[in-house]
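Novice: how would this look folded up:
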Amino acid sequence: MDRRHFIRTAGIGAGATALAAPHVARAQTVSWKMTTAFPPGQPFYSTGPGSLSDFADRVRAMSGGALDITVYNGGELVPAFEGFDAVRQGIVEMNGWVSYFGSGKVPAAQFFGAVPFGMSTQGQNAWFYVGDGIDLWNETYEPLGLVAMPVGATGVQMTGWFNKEINSIEDMNGLRMRIPGLAAKAKARVGVDVKLLTGGEIFPA
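Specialist: Next up is the predicted model:
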């Protein structure tokens, strides 16, 4: 593999893209930028154990400081959902989001995140690391010049919380709901007014 080509095109997918290497020569510090789709201060996604900033700290420690990743929350460097293209254009080296955010550009990408009635976190990781999940993911991203690697997983997500009772399928008609990916397509079929919002936009909406 051409190392320089890899560095130019590495991109983050469902959780994020990681770089696995048993040894990194300490000739100089390599500085990378990582954009994300998540707002600052969001637990698990932006801060705390399992977050992308935690990932960057771990990479820095494991490489002895040879690889330094600066994390930019959604909207700080590029708009929240434009990090994918920022990696493709060489503006940044990495982007962290949930892969179904890119389903409009790469429809198959949503299968590498949570899907309705899909796998648990344990099942997803088994598919990634024991089955062919990561290979299929990278095959999907290869035409874009990107490398995808999982970093975190929230597991399955519930449909939501509502300000009125949902007692029938008809009650879904006209309901405004923030929901992405395959679940959004299913909800739209029963009349839901689907919205794709970043995490930071949900509460104000």
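
Novice: in the protein, what helix or strand scores lowest on average pLDDT?
Specialist: Of all the helices and strands that make up the chain, helix 3-9 has the lowest average by mean pLDDT, DSSP states H and E, namely a mean of 39.

Novice: after that one, which helix or strand is next?
Specialist: Using DSSP states H and E, the helix or strand that follows helix 3-9 in sequence is strand 30-36.

Novice: centre of the chain to that next one, how far?
Specialist: Mean-position distance between strand 30-36 and its chain equals 15 Å (CA atoms, centre = their mean, to the nearest Å).

Novice: let's see the helix or strand following that strand as CSV, backbone CA atoms only.
Specialist: Moving toward the C-terminus from strand 30-36, the next helix or strand (DSSP H and E) is helix 52-62. Only the C-alpha atoms of helix 52-62 are listed here, as CSV (Å, rounded to 0.1, in the frame of the first residue of the first chain):
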residue,chain,number,x,y,z
LEU,A,52,-13.9,10.7,19.4
SER,A,53,-11.8,13.0,21.6
ASP,A,54,-11.0,10.0,23.8
PHE,A,55,-10.0,8.1,20.6
ALA,A,56,-7.6,10.9,19.6
ASP,A,57,-6.1,10.8,23.1
ARG,A,58,-5.6,7.1,22.9
VAL,A,59,-4.0,7.3,19.5
ARG,A,60,-1.6,10.0,20.8
ALA,A,61,-0.7,7.9,23.8
MET,A,62,-0.3,4.7,21.9
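
Novice: okay, the angle between helix 52-62 and strand 30-36?
Specialist: Note on geometry: by axes from the mean of the first three to the mean of the last three CA atoms, to 10 degrees, helix 52-62 and strand 30-36 are set 160 degrees apart in direction.

Novice: got the buried residues for the helix or strand following helix 52-62?
Specialist: From helix 52-62 onward toward the C-terminus, using DSSP H and E, the following helix or strand is strand 67-72. By neighbour count with 16 or more other CB atoms under 10 Å, strand 67-72 contains the buried residues 67, 69, 71, 72. (Glycine included, C-beta is placed from N, CA and C.)

Novice: tell me the contacts of the second one?
Specialist: I take that to be residue 69. For residue 69, the residues meeting the contact criterion (CB atoms under 8 Å, 6 or more residues apart in numbering) are 31, 32, 33, 34, 55, 56, 59, 60, 94.

Novice: which residue is the nearest non-sequential neighbour of the fifth one?
Specialist: If the residues on either side of it in the chain are set aside, residue 55 comes closest to residue 151, at 5.2 Å by CB to CB, 6 or more residues apart in numbering.

Novice: can you count the residues close to the one you found?
Specialist: The local packing of residue 151 (other CB atoms under 10 Å) involves 21 other residues.
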